[in-house]
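Student: Here's my sequence, what's the structure:
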Amino acid sequence: MKMFYITLLITFMTSLSCWSQEIVNFKLTPDATFKTDEGEDFVIVSFEGKDAQEIYKLLATNINSMYNNPSKVMHGVEFSSIKIRAIGDLVYDKTIIGIESILQAYYQLEFRIKDGKVRISAPIIEQSLMLRGEFTTFKIFSKVVGDYYKKGVLKEKKKKDYLFVNSKINDIINKIIGSNNEQDW
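Tutor: From the prediction side, this is the model:
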C-alpha cells in the first residue's frame, strides 16, 4: 500500500512538470492559507482578445469536463464570476503509526471575470480532512500544515507533503483556466 501512495505522488509531480508554463502557482503558508510568491492572495490572468462572456464560457466548459456533476460544485453570476466548492484528494500525510494516506478536503475557488482577464482568489481548503469515503473528521488542515513548519521554516522531511498540497490545488486551478492550451482542438 505504501508503494501505491509513493507511485501516486510521483505521478502527480511528473504531470506537473509536463506543463510548459504554469500560469497559477499559489503556495501554502504556515497559517494554512495560500499566497503568491509576492505575498498576494490573488492572481490576475490575462485572456487577450476575449470578452467576459467568452472567458466565462471557457471556464464553465473546463469545469464541466472536470467534475462529475458540475452544477453541484459550481455557482456563478453569468459572465462575471464563478465559485466552486468541491471535495478532492489534497493532503498527503502519515498517521501516528506511520500509515501513509491521502486525505480529502473541501476546497473553495473563486474566479472574477472581466473583459480580457480573470482575477483568481487564493484557494481555501476547509479545516476538516477525512479519509476517502469516511465523512468523519480525521484531522484538521491547519494542524497538519502547522506540522510542516518549525518556526515558520518548512521542515525538510515535510517538503514532499507541502509540494503535494500545492501541486494538487494549482493543478485544479490551471485546468479550469485552461493553461494547458488544449481548448484549441
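Student: Quick check: pLDDT value at residue 179.
Tutor: With respect to pLDDT, residue 179 scores 70.
Student: So the nearest residue to it once chain neighbours are set aside: helix, strand or coil?
Tutor: In space, not counting the residues next to it along the chain, residue 179 is nearest to residue 23; the distance is 4.2 Å by CB to CB, 6 or more residues apart in numbering. For the C-beta atoms, the positions are set from N, CA and C on the backbone; glycine is no exception. Three-state assignment for residue 23 (DSSP: H, G, I helix; E, B strand; the rest coil): coil.
Student: just checking, residue 23 touches residue 171?
Tutor: No: Residue 23 is beyond contact range of residue 171, at 11.6 Å (criterion: CB atoms under 8 Å).
Student: Return the set of residues that bridge with residue 118.
Tutor: residue 45, residue 113 (DSSP bridges).
Student: measure it to residue 175 for me?
Tutor: As judged by CB to CB, to the nearest Å, residue 118 and residue 175 stand 14 Å apart.
Student: who's in contact with residue 55?
Tutor: Residue 55 makes contacts with 47, 113, 116, 117, 118, as judged by CB atoms under 8 Å, 6 or more residues apart in numbering.
Student: and if we set it to 7 Å?
Tutor: 47, 113, 118 (CB atoms under 7 Å, 6 or more residues apart in numbering).
Student: Just the closest of those residues to residue 30, please.
Tutor: Proximity of those to residue 30 (CB to CB) peaks at residue 118, which lies at 27.8 Å.
Student: Just list the residues touching the closest one, thanks.
Tutor: So residue 118 contacts 45, 47, 55, 111, 112, 177 (CB under 7 Å, 6+ apart).
Student: Please report how far the second one lies from residue 149.
Tutor: Taking CB to CB as the criterion, residue 47 is separated from residue 149 by 36 Å.
Student: Which one's more surrounded, these two?
Tutor: residue 47 (19 against 16; other CB atoms under 10 Å).
Student: how close does the more buried one get to residue 23?
Tutor: Where residue 23 is concerned, residue 47 sits at a distance of 11 Å (CB to CB).
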